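> All I have is the shape, not the residue letters:
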């Protein structure tokens with residue numbers, strides 16, 4: 001299984017390189033060169049990002065907004081009801 005942390009480190013390394021070398025960077029982080037190249041060029045995404053776009057009802061960003069709204073309500077001592085949550089989701093989407 002590919003470690004997302006290693007891929008992110010490798011992508012950051014590639015961005016800092018003057019002459020991009022996928023082979024050396026892939027070896028350095030013990031990654032497949034093709035996977036690294038595709039991720040760098042934006043042709044593929046991480047599992048989490050892909051799942052967020054294709055399988056979930058809300059994106060990760062929308063989930064964060066929803067969680068912030070819920071947190072704000074809880075801070076005011078108003079736990080959200082199912083109807084409140086539905087309204088928040090409709091507003092966010």
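Okay, I see it. Quantities reported herein were computed from a predicted structural model and do not represent experimental measurements.

> wait, residue 38 sits on residue 31?
No. Between residue 38 and residue 31 there is no contact, the gap being 11.1 Å when judged by CB atoms under 8 Å. Every C-beta, even on glycine, is put in place using the N, C-alpha and C of the backbone.

> The two - which one has more neighbours?
Between residue 38 and residue 31, counted using other CB atoms under 10 Å, the more crowded position is residue 31 (21 against 14).

> residues contacting the more buried one?
2, 6, 7, 10, 25 (CB atoms under 8 Å, 6 or more residues apart in numbering).

> What average pLDDT does the helix or strand containing the last one get?
Using DSSP states H and E, residue 25 falls within helix 22-28. Along helix 22-28, the predicted confidence averages to a pLDDT of 92.

> how far does that helix sit from the chain's center?
23 Å (CA atoms, centre = their mean, to the nearest Å).

> Sort out which residues of it are buried, please.
For helix 22-28, the neighbour count (16 or more other CB atoms under 10 Å) marks 22, 25, 26 as buried.

> I'd guessed residue 7 sits against residue 36; true?
Yes. In this structure, residue 7 is within contact of residue 36 by CB under 8 Å, at 6.9 Å.
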